[in-house]
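Participant: any chance you could fold what I've pasted below:
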Amino acid sequence: PARAQLSAAVQAAVRSASDGSANAMAEAEQVLVSQLASMGIEDVPRVTSKSSAAGSPPHAGAAQQKTTNRQQALLHNGIEKAERRKRREEDTLRRLQETADVLQGYLREATTSQHSVASSSATGGFGAGLDV
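Facilitator: Predicted coordinates:
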C-alpha cells in the first residue's frame, strides 16, 4: 500500500510540475526523484516510461551522486592510508639513519683505537723503556 501511495504521489507531483509533454514529465520526475533521494527516500517508482531529456533514466542522477560520494570516500580513505604509510616509512628511515650514525661513530672509535695500538707497538709499546 505505501509503495502504491508513493507512486500515486510521484505521479501527481510530476503531472502538476510539468506541461504534460513526455520530456517535461520525465524531467520533473528526475528532479523529484533526486530530491527524494537527497532526503534518503530511495527506489521511488517511476511513473514516466521515457528517459529524461539528457538520455539517462530519472534515477541516474541519484545513483551517480551515490557512486560519486562512495568513490570520494574510498579515495579519501586511500589517501589517508597512503599518508599513514608514508609517515611510518619516514619514521623507519629516520631510525635507520640514527642507527647508521651510531655505527659510524663506533667504526671511527675502533679505527682510531687500532691506529693508537699500532703506533704504540711501532714505537716500542708500553714496555719499550724497561729492561727486563
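Participant: wait, what's in contact with V31?
Facilitator: A17 (C-beta atoms under 8 Å, 6 or more residues apart in numbering). No exception for glycine: its C-beta is placed from N, CA and C like everyone else's.
Participant: just the CA coordinates of the helix or strand containing it, formatted as CSV?
Facilitator: According to DSSP states H and E, V31 maps onto helix 22-38. Taking C-alpha atoms only, helix 22-38 is exported to CSV below (Å, rounded to 0.1, in the frame of the first residue of the first chain):
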residue,chain,number,x,y,z
ALA,A,22,6.7,13.4,-22.1
ASN,A,23,10.0,15.3,-21.9
ALA,A,24,8.8,17.7,-19.3
MET,A,25,7.2,14.9,-17.2
ALA,A,26,10.5,12.9,-17.4
GLU,A,27,12.5,16.0,-16.3
ALA,A,28,10.1,16.7,-13.5
GLU,A,29,10.2,13.1,-12.4
GLN,A,30,14.0,13.2,-12.4
VAL,A,31,14.1,16.3,-10.3
LEU,A,32,11.6,14.9,-7.8
VAL,A,33,13.4,11.5,-7.5
SER,A,34,16.7,13.4,-7.0
GLN,A,35,15.1,15.5,-4.2
LEU,A,36,13.6,12.4,-2.6
ALA,A,37,16.9,10.6,-2.8
SER,A,38,18.7,13.6,-1.1
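Participant: buried stuff in that helix?
Facilitator: 24-34, 36-37 (16 or more other C-beta atoms under 10 Å).
Participant: and M39, what are its phi and psi?
Facilitator: M39 adopts backbone torsions of phi -90, psi 0, taken as degrees, to the nearest 10.
Participant: pLDDT at it, what is it?
Facilitator: Turning to M39, the model gives it a pLDDT of 79.
Participant: now it: how far from E109?
Facilitator: Taking C-beta to C-beta, to the nearest Å as the measure, M39 falls 73 Å from E109.
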